[in-house]
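>>> pasting the sequence and the predicted coordinates here, then a few questions.
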Amino acid sequence: MNARVVAIEALERRLGYVFQDRRLLERALTHASVGDGTAKPGLDNERLEFLGDRVLGLLTAERLIELDPAASEGDLAPRLNALVNRKTCARVARAIALGPALRLSGAETRTGGRDKDSILGNACEALIAALYQDAGLDETRRVFLDIWSAEFEALSAPRPKDPKTRLQEWAQGRGRPVPVYAVVQREGPEHAPVFTVEVTVEGHGAAQGQGSSRQMAEKSAAQALIDRVLIDREGVK
């Protein structure tokens with residue numbers, strides 16, 4: 001059996017839905033590069049992508065309000081943006097093994113198109129639109145809640161503190177002065193500088209870190225001091 005046919009069957013099993021209109025599914029999986037980009041409008045997935053973006057926005061907004069009825073629009077908007085964007089759609093596409101089912105040009109296939117965020121993200125939106133047109137909103141909602149569940153969980157999970165915050169909380173919790181940061185070197189051209197920053201915690205020495213900005217170098221230095229000194233002595237978590 002053709003490898004792509006096998007991939008499409010596996011994709012439908014993952015979705016828990018078998019498309020009735022096979023031409024609609026094929027359009028959702030067909031990239032605009034097929035036929036050197038000369039396919040007639042509607043034969044690739046660009047129009048479906050446009051619709052899918054709106055369907056995803058609706059379903060995501062609906063779920064966010066359901067999860068947090070008291071949240072303001074200002075609270076909800078960044079969450080929606082985090083859940084409906086190219087990178088998120090690409091992650092979901094990888095999770096459901098969408099890449100092997102895509103129909104791409106030979107050139108896109110040779111250059112790794114099946115794992116490009118742009119292609120996967122757009123195809124994921126197109127797939128949602130095709131599902132909406134083939135099965136209706138209720139079935140699309142069911143599939144969406146399933147395949148986006150990990151993204152909702154990641155959004156609500158506590159985010160790890162950055163190294164500077166961890167280092168400062170550790171120092172203050174033990175009665176030490178706050179860490180002191182100093183730029184000790186700046187190299188490279190104006191458009192691509194490299195900063196070297198040294199951080200010092202009284203009684204616990206110093207460490208250096210580098211980065212393309214002062215802020216990044218400070219975080220690198222803080223992590224270096226945590227890794228080199230504090231974990232060994234105090235068991236920083």
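That came through, no problem. Numbers count the residues shown, from 1 in each chain.
>>> correct me, but residue 127 touches residue 98?
Yes: taking Cβ atoms under 8 Å as the definition, residue 127 is a contact partner of residue 98 at 6.8 Å. The way it works is simple: take the backbone N, C-alpha and C, and place the C-beta from them, glycine included.
>>> what touches both of those two?
residue 29 (Cβ atoms under 8 Å, 6 or more residues apart in numbering).
>>> ok, residue 91 to residue 170 distance?
Residue 91 sits 33 Å away from residue 170, going by Cβ to Cβ, to the nearest Å.
>>> neighbour count winner among these two?
Neighbours per residue (other Cβ atoms under 10 Å) separate residue 91 from residue 170, with residue 170 holding more: 20 against 17.
>>> next up, phi/psi of the more buried one, please.
Note on residue 170: its backbone torsions stand at phi -60, psi -50 [degrees, to the nearest 10].
>>> let's see the pLDDT reported for it.
Looking at residue 170, its pLDDT stands at 84.
>>> and what of residue 27?
pLDDT for residue 27: 94.
>>> pull out the buried positions in the host helix or strand of it.
In this structure, residue 27 sits in helix 22-28 according to DSSP states H and E. Residues 24, 25, 27, 28 are the ones in helix 22-28 that count as buried (16 or more other Cβ atoms under 10 Å).
>>> could I get those residues as TSV with distance to residue 191?
TSV is the format used below for the buried residues of helix 22-28 (distance: Cβ to Cβ, whole Å):
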residue	distance to residue 191
24	48
25	46
27	43
28	41
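>>> just those now: which is nearest residue 136?
residue 24 (13.0 Å; Cβ to Cβ).
>>> would you mind measuring the gap between the ends of stretch 105-120?
End-to-end distance for stretch 105-120: 14 Å, by Cα to Cα, to the nearest Å.
>>> could you give me the average pLDDT of that stretch?
Mean predicted lDDT for stretch 105-120 stands at 89.
>>> can you give me the strands in this protein?
180-187, 194-200, 206-211 (DSSP state E).
>>> count the neighbours of residue 113 for me.
For residue 113, the count of nearby residues is 19 (other Cβ under 10 Å).
>>> now do the lengthiest helix in the chain: distance to the chain's middle.
Ranked by residue count under DSSP state H, the longest helix found in the chain is helix 46-67. Between the centre of helix 46-67 and the centre of its chain there are 16 Å (Cα atoms, centre = their mean, to the nearest Å).
>>> buried residues, that helix. List them.
By 16+ other Cβ under 10 Å, the buried positions in helix 46-67 come out as 46, 48-49, 51-53, 55-56, 58-61, 63-64.
>>> what stretches of this protein score poorly on pLDDT?
Applying pLDDT under 70 to the chain flags residues 1, 36-42, 159, 229-237.
>>> again, 50 this time
234-237 (pLDDT under 50).
>>> so what's residue 88 up against?
82, 121, 151.
>>> ok, of those, which come out buried?
Listed as buried from the contacts of residue 88 are 121, 151; burial here means 16+ other Cβ under 10 Å.
>>> can you redo the contacts of residue 88 as CSV with distance to residue 16?
Converted to CSV, the contacts of residue 88 look like this (distance: Cβ to Cβ, whole Å):
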residue, distance to residue 16
82, 25
121, 22
151, 18
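>>> now intersect the contacts of residue 88 with the helices, please.
Using DSSP H, the contacts of residue 88 in helices are 82, 121, 151.
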